[in-house]
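**Student:** Build me a structure from this.
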Amino acid sequence: MQRCTWAGTDPLYVAYHDTEWGVPERDSRALWEKLVLDGFQAGLSWITILKKRDNFRAAFDGFEPARVARWGEADIARCLADPGIVRHRGKIEATVKNARAWLALEEQGGFDKWLWAYVDGTPLQNHWRDESEVPAWTPLSAQVSKDLKRAGFGFCGPTIVYAFMQACGLVNDHVTTCPRHAACAALG
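**Tutor:** Take a look at the predicted model:
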């Protein structure tokens, strides 16, 4: 069996593929962090974000939504000056907006429960034989995107949301020739 080819040979990327991508994530705060990082990835490669993940965590107060939700212009300016992260005003401002939206969903029962309800609490199991079969987005990711925006989130279009759903294990898109396909299916 051969792992998904998108993981390449970079040890960091391989480790991410082999231990994290596609594993069902049910921690609400961790889900928020991953959604934010997927938003930052828009227009860039995931390895770029992965290599900067620790810098992002430091810049964004450990991805503690209650802290980030209180941010003002000085905090945004600090991030815009931080060469260790992607310095994009719209994405940084969306992170603050997303923290506030996340807090509102937490008060309504939890972001994790809200999100996992889209798949009835169980990861969708795809059976792609080749990576060329994997879609960039789906009708479900379009609906989740629409609902996230309605809830006050930003930088969460259908393609970003689908990448997020794959990363967090709401959908298992490891190809069937990858040993992680069966391993992630067993976790569902």
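**Student:** need the helices for the protein, in chain order.
**Tutor:** 11-19, 28-41, 46-59, 65-68, 73-80, 89-107, 111-116, 139-150, 158-167, 179-187 (DSSP state H).
**Student:** Adding distance to residue 122, mean neighbour count and mean pLDDT as columns, could you present the ones you listed in TSV?
**Tutor:** (Glycine included, C-beta is placed from N, CA and C.) Shown next, in TSV, are the helices of the chain (distance: least, Cβ to Cβ, whole Å; neighbours: other Cβ atoms under 10 Å; pLDDT from 0 to 100):
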stretch	distance to residue 122	mean neighbour count	mean pLDDT
helix 11-19	21	14	97
helix 28-41	16	22	97
helix 46-59	25	16	97
helix 65-68	26	18	98
helix 73-80	37	13	98
helix 89-107	20	19	98
helix 111-116	8	20	98
helix 139-150	13	17	98
helix 158-167	13	23	98
helix 179-187	11	16	96
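**Student:** Quick one: these as CSV, columns for distance to residue 123 too.
**Tutor:** Shown next, in CSV, are the helices of the chain (distance: least, Cβ to Cβ, whole Å):
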stretch, distance to residue 123
helix 11-19, 16
helix 28-41, 13
helix 46-59, 20
helix 65-68, 24
helix 73-80, 33
helix 89-107, 20
helix 111-116, 9
helix 139-150, 12
helix 158-167, 9
helix 179-187, 7
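**Student:** Ok, which of those helices comes nearest residue 2?
**Tutor:** helix 179-187 (8.4 Å; Cβ to Cβ).
**Student:** Between helix 11-19 and the closest one, find me the angle.
**Tutor:** On the basis of axes from the mean of the first three to the mean of the last three Cα atoms, to 10 degrees, helix 179-187 is oriented at 40 degrees to helix 11-19.
**Student:** other SSEs contacting helix 179-187?
**Tutor:** strand 171-172 (3 or more Cβ pairs under 8 Å, 6 or more residues apart in numbering; DSSP states H and E).
**Student:** Report the mean confidence score over the strand it packs on.
**Tutor:** Over the span of strand 171-172, the pLDDT mean works out to 98.
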